[in-house]
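A.B. asks: Mind folding the following:
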Amino acid sequence: MAAYLTRSNLMNRENLSNHTRFTLSPPFLKWDRVLVGVYASTAEKVEVLQKDLHSGSKQRTIVNRYLSYLLFGLIISISPDMQAQDLSRENEIMRSDLFREKFHLFTDRNIYAVNEKIFFRAFNLSESRLKQTNWSKILYVELISESNTAIARGKYELNTKGTGGYLNIPPSAATGLYSIRAYTKWMRNYPPVGYFHKTVAILNPDRSGMNNLRMSTGEEFSSDMKNMENSRNLVQCNTDKSIYNKRGKIHLAISVPEKNNTSPDGYCVTVVKKGYYDTTIPELIFPSFNDADLPEKIHYYPETRGLSLSGRVTSNDGDKPFAYSQVHLTLLGNVPDYYGFQTDKTGGFRISLPYYKSVEDILFCVENKAERMVNFSLDSEYSTDFIKQPEQFSDKQAINKKTVEEIMFNAKVVNIFNPTPTSNDSVEILDTSNQYFYGSPELRFKTADYILLSTLEEFFFELVHNVIVIKEKDKHYLYLTRDHSDLYLYIPLILLDYVPVFDIDKILHLSPEKITSIDIVNSLYIRGNMHYGGIINIISSRGDRAGVDLPRNSFFFSFKTCESQQRITFPDYDKDPGDARIPDYRNCLFWAPNIPVGAGDTISLDFFSSDLQGDYMVIVRGITDDGQVMHGECSFTVK
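C.D. replies: The predicted structure follows:
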């Protein structure tokens, strides 16, 4: 493309009276019920099959494989347009423990200052057969204030082991207690007490609220992970020395005795000063919900293929569903893409958007022959259901005053001298190997390779012999020709800068000078439930649709996809001694979210101390298959 397709390019014209900007609306879409007749007794089948797991390994493998197929079959049977034959079948799924996802997050510490990062590692504790199906591929993580306002949030790609990343604490955050909560879209069918919740303290010396903290002047708190996390002290860790100099190299060994259980999804390791992981901060513990709290039908479907968008199209003169209408979605930017889909009988839709890691400008176009104005709304990206947040510190929950002052001072120093502690290498890499959603076109015509003609209509007639222009009742239509009769059964998909063209007369008069290329897919094309008699994709020279107005009922909005996080790096003073005049005041000395250690194995890690003197603690954590926390801890001193 000669120019990027952007919102500003498309909107830089006078006549936009039929185009609407809108914001995300609260969730209101209620999908039709899921057809699960084939899986009517899923829960009972699982209970019976689980009894066979105590048999030989070969039979156990067969049972696990069968259950994976069973769950996969349920995934592909989910369709918003299918009517359930029996509501009790869907109700049965909601009440089965097999389909309840569970996650647990560990953080590098639980006391932070503004502008810092909250490093976390999420473990997937769902039933093993549910994990194997990749039931959900997106985890939503939020930092929630006492008033249930999200001050930081993100979407992270999940695999069977979980995920990891960080949240950036904004400088505007007030001092106080906050909750980190994590959930999937599927978990939004259940009460929010089923989400993961963890309490952290955030400090901001420049905002009011410091008086909310109860501070003690006693000694710093020591770690007591056993009491706080109900863990098993089965991980052994030790450093090569007990005392180190500033910026000294620390050698850490981590091992799990052969006789002990292990954490199959790895361990996370954090190194912080004593007192930075404060056990007096209350953990959120919620009672399990009962079946009476569950909805009778599914509102949110698992994101089995990545991020999804859902919403509803209704008529402009009321809330009447705009059923079975064709909706076209264009992702703008340097790697544009196109999706076409059809609404269901309620006017609802659901679409997956995999592979994207950024904030995307998206254009929706609703096609209707009557050209009636429609209303377009999206479901909320994040959950709007909350639990009661923790109260602020009591007298018994006092943070050491020296620790508070030190954390805030260190964070300010780091922000001044080292504002970018991450590398430029992104962990998440956008797959741009296929720039065009239809792959390689069968024909591509670059207008600069041919003699200049007056209009596109003339260009098609003289040069693009596979495209014919037909005029019926004072309107023009484009069709593709080939020795395939099925091409004539469907109209072609005609795009101008990846945006659909419904009125062909608006483009036939364009000068080829405004066009860079024309791609032709001269065969039947099927995308989702949309069928096209080929594709004609016209690319303008400036990415502005060559000045052609957007279709009627076009809607812009911005959608944040998965977090494109930077790779976390820590100083290596062997490779780069750095400038001794620049202070190293890291509050988190070291963090490793995923360290594999098997039973009987020992692994080694190296990191460096900072310029901060004091006592440090190393905390190693993992989770066994049965949900028990594996924990190890050791300490050292920097002088």
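A.B. asks: Sketch out the low-pLDDT regions of the stretch 401-550 of the chain for me.
C.D. replies: Low-confidence regions of the stretch 401-550 of the chain, defined by pLDDT under 70, span residues 419-435, 484-485.
A.B. asks: With the stretch 201-350 of the chain instead?
C.D. replies: Judged against pLDDT under 70, the low-scoring parts of the stretch 201-350 of the chain cover residues 207-233, 279-280, 282-289, 291-292.
A.B. asks: Strands of that one, start to end?
C.D. replies: 215-216, 231-232, 236-239, 243-244, 249-255, 267-273, 308-315, 326-331, 337-342, 348-352 (DSSP state E, counting those that start in this stretch).
A.B. asks: Using a markdown table, lay out those strands together with mean neighbour count and distance to Gly176.
C.D. replies: Any C-beta I mention is one placed from the backbone N, CA and C, and that applies to glycine too. As requested, the strands of the stretch 201-350 of the chain are exported to a markdown table (neighbours: other C-beta atoms under 10 Å; distance: least, C-beta to C-beta, whole Å):
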| stretch | mean neighbour count | distance to Gly176 |
| --- | --- | --- |
| strand 215-216 | 16 | 14 |
| strand 231-232 | 18 | 27 |
| strand 236-239 | 18 | 33 |
| strand 243-244 | 14 | 35 |
| strand 249-255 | 18 | 34 |
| strand 267-273 | 25 | 21 |
| strand 308-315 | 20 | 34 |
| strand 326-331 | 21 | 39 |
| strand 337-342 | 19 | 42 |
| strand 348-352 | 19 | 38 |
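A.B. asks: Include distance to Asn189 when you put the ones you listed into a markdown table, please.
C.D. replies: Conversion of the strands of the stretch 201-350 of the chain to a markdown table gives the following (distance: least, C-beta to C-beta, whole Å):
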| stretch | distance to Asn189 |
| --- | --- |
| strand 215-216 | 42 |
| strand 231-232 | 30 |
| strand 236-239 | 40 |
| strand 243-244 | 50 |
| strand 249-255 | 38 |
| strand 267-273 | 29 |
| strand 308-315 | 13 |
| strand 326-331 | 25 |
| strand 337-342 | 23 |
| strand 348-352 | 14 |
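A.B. asks: how close does Asn159 sit to Leu510?
C.D. replies: When distance is defined by C-beta to C-beta, to the nearest Å, Asn159 is 47 Å away from Leu510.
A.B. asks: ugh, typo on my part, it should be Ser517
C.D. replies: For Ser517, the distance to Leu510 (C-beta to C-beta) stands at 14 Å.
A.B. asks: again with Asn537
C.D. replies: Taking C-beta to C-beta as the measure, Asn537 and Leu510 are separated by 14 Å.
A.B. asks: Of the strands of the stretch 201-350 of the chain, which is nearest Phe123?
C.D. replies: Taking C-beta to C-beta as the measure, the strands of the stretch 201-350 of the chain were each checked against Phe123, and strand 267-273 came out nearest at 8.8 Å.
A.B. asks: what about Thr516, which helix or strand?
C.D. replies: Thr516 is part of strand 515-521 when elements are defined by DSSP states H and E.
A.B. asks: which element follows that strand toward the C-terminus?
C.D. replies: Towards the C-terminus, the helix or strand next in line after strand 515-521, according to DSSP H and E, is strand 525-527.
A.B. asks: Show me what the next helix or strand after that next one is packed up against.
C.D. replies: Helices and strands here follow DSSP H and E; after strand 525-527, the next one along the chain is strand 530-532. Other elements packing on strand 530-532 under the criterion 3 or more C-beta pairs under 8 Å, 6 or more residues apart in numbering; DSSP states H and E are strand 337-342, strand 525-527.
A.B. asks: who wins for proximity to Met408 among those strands?
C.D. replies: The closest of the helices and strands packed on strand 530-532 to Met408 is strand 337-342. By C-beta to C-beta, the value is 44.7 Å.
A.B. asks: so which of the helices and strands packed on strand 530-532 gets nearest Lys402?
C.D. replies: Distances from Lys402 to each of the helices and strands packed on strand 530-532 were compared using C-beta to C-beta; the shortest belongs to strand 337-342, at 53.7 Å.
A.B. asks: that older thread, quick one, which of the strands of the stretch 201-350 of the chain gets closest to Thr163.
C.D. replies: Nearest to Thr163 among the strands of the stretch 201-350 of the chain is strand 267-273 (11.8 Å), distances taken as C-beta to C-beta.
A.B. asks: Residues contacting the closest one, please?
C.D. replies: Counting contacts by C-beta atoms under 8 Å, 6 or more residues apart in numbering, the residues outside strand 267-273 that touch it are 106-109, 119, 121, 164, 220, 235, 252, 254, 277, 406, 587-597, 605, 607, 612, 614-622, 630.
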